[in-house]
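Asks: I would like to see how this sequence folds:
(one chain, ligands or ions: 1)
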Amino acid sequence: MAPVVLRSVEEVKAWATGLRREGRRLALVPTMGYLHEGHLSLIREGRRRVDAVAASIFVNPTQFGPREDLSRYPRDFEGDLAKCASAGAEAVFAPTPEVMYPSGYQTYVEVTEVSQGLCGARRPGHFRGVATIVTQLLSLFRPDVALFGEKDYQQLQVIRALNRDLHLGAEIVGMPTIREADGLAMSSRNAYLSAEERQRALSLSRGLRAAVMLLQGGTRDAQALVGAVRHELSQAGLREDYVELVDAERLTPLASVAPGQAARLLVAAFSGATRLIDNMQLGG
Ligand code: PAF
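Replies: Sure, this is the predicted structure:
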């Protein structure tokens, strides 16, 4: 069945209140649209966990820097609606920027520690924008569960922190990155890549897999693990933005992976003009 399309804050409140009155539990899947299998896996998992799923489709202007791709971010609303229907979403919230940031809007959410390094250091203001819109969405829908992909691993930790600190009460579920058959992490921004850039972009997942293998072989040193990713990036001619080994929860830098420790290796790099990110769990 086609999902109901909600356009205003009032429509969301009425829809979510009706659902709660019927005693049904709600999952929310926030997205910026141009949906791929990664997003659909979140909707399906939401359906598996609770009674109804709402997806939001909103290209959030406050999380884009002045020289980033807001105006050319890929969009396909009709295609997205059909995908939401096939994955089982009951409602789609598709507001305009004026609905989320009306004239007089002045409230922003800043998550301090986990926003600081990695993408936070390279994209000033990005996580403030993410935290602000996700707080708005969680406050509006009051979902029982909200689902996010682990591809945006730092974003997931930012959202876990704001949900906890602001008592928003959702269960935040992080879902594994969905990859193309050749290992490329699915991302709406893959649409920007030429065939050659896409081929070279495989070096991100190849490097991460090489590091996982190294750790399995007993190499625990951050320099060696990070070096395995850097080697693949430079072989493919990609420009590194960062490669870092961090504690999986606090995102603080690690010099090595202690036995039993949950670490995360994260990479950001440019294939042509397109900035791509990926990450994998190491240990834990
Ligand atoms: O991951 C995304 O698509 C966005 O950052 C999110 C969480 C929908 C907030 O705009």
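
Asks: number of nearby residues for R49?
Replies: By other Cβ atoms under 10 Å, 15 other residues sit near R49. For every residue, glycine as well, the C-beta is placed using N, CA and C.

Asks: get me the contact residues on the stretch 151-284 of the chain for the ligand.
Replies: 152, 155 (Cβ under 6 Å from any ligand atom).

Asks: which residue does the stretch 51-200 of the chain bring closest to the ligand?
Replies: N60 (4.0 Å; Cβ to the nearest ligand atom).

Asks: contact partners for the residue found closest to that residue once you drop the neighbours it is linked to in the chain?
Replies: With sequence-adjacent residues excluded and distances taken as Cβ to Cβ, 6 or more residues apart in numbering, N60 is closest to I133, at 4.4 Å. Taking Cβ atoms under 8 Å, 6 or more residues apart in numbering as the criterion, I133 is in contact with 30, 58, 60, 62-63, 100.

Asks: repeat that with 7 Å
Replies: 58, 60, 62-63, 100 (Cβ atoms under 7 Å, 6 or more residues apart in numbering).

Asks: now, which of these sits nearest F270?
Replies: Checking those against F270 by Cβ to Cβ gives Q63 as the nearest, at 18.8 Å.

Asks: stretch 116-131 and the ligand in contact?
Replies: Yes. Judged by Cβ under 6 Å from any ligand atom, stretch 116-131 comes into contact with the ligand at V130.

Asks: can you give me the buried ones in that stretch?
Replies: Neighbour-count burial for stretch 116-131, with 16 or more other Cβ atoms under 10 Å as criterion, is recorded at 117-120, 123, 125-131.

Asks: these: which two are farthest apart?
Replies: Across those (Cβ to Cβ), the longest gap, 17.3 Å, separates G117 and G129.

Asks: what is the helix or strand S86 falls within packed up against?
Replies: Per DSSP states H and E: S86 is located in helix 77-87. Applying 3 or more Cβ pairs under 7 Å, 6 or more residues apart in numbering; DSSP states H and E, one finds that helix 77-87 contacts helix 37-49, strand 52-57.

Asks: go again using 8 Å as the cut-off
Replies: Where contact means 3 or more Cβ pairs under 8 Å, 6 or more residues apart in numbering; DSSP states H and E, helix 77-87 is packed against helix 37-49, strand 52-57, strand 91-93.

Asks: now the angle between helix 37-49 and that helix, please.
Replies: 40 degrees (axes from the mean of the first three to the mean of the last three Cα atoms, to 10 degrees).

Asks: renumber starting at 28 from here on
Replies: Yes, from this point I'll number from 28; that puts the last item at helix 104-114.

Asks: and helix 104-114, what's its mean pLDDT?
Replies: For helix 104-114, mean pLDDT is 98.

Asks: over to stretch 259-278?
Replies: 98.

Asks: show residues contacting that stretch.
Replies: Stretch 259-278 has contacts (Cβ under 8 Å, 6+ apart) with 140-141, 144-145, 148-149, 181, 184, 227-231, 233-234, 237, 249, 252-253, 256-257, 279-281, 284, 288-298, 302, 308-309, 311.

Asks: thank you, goodbye.
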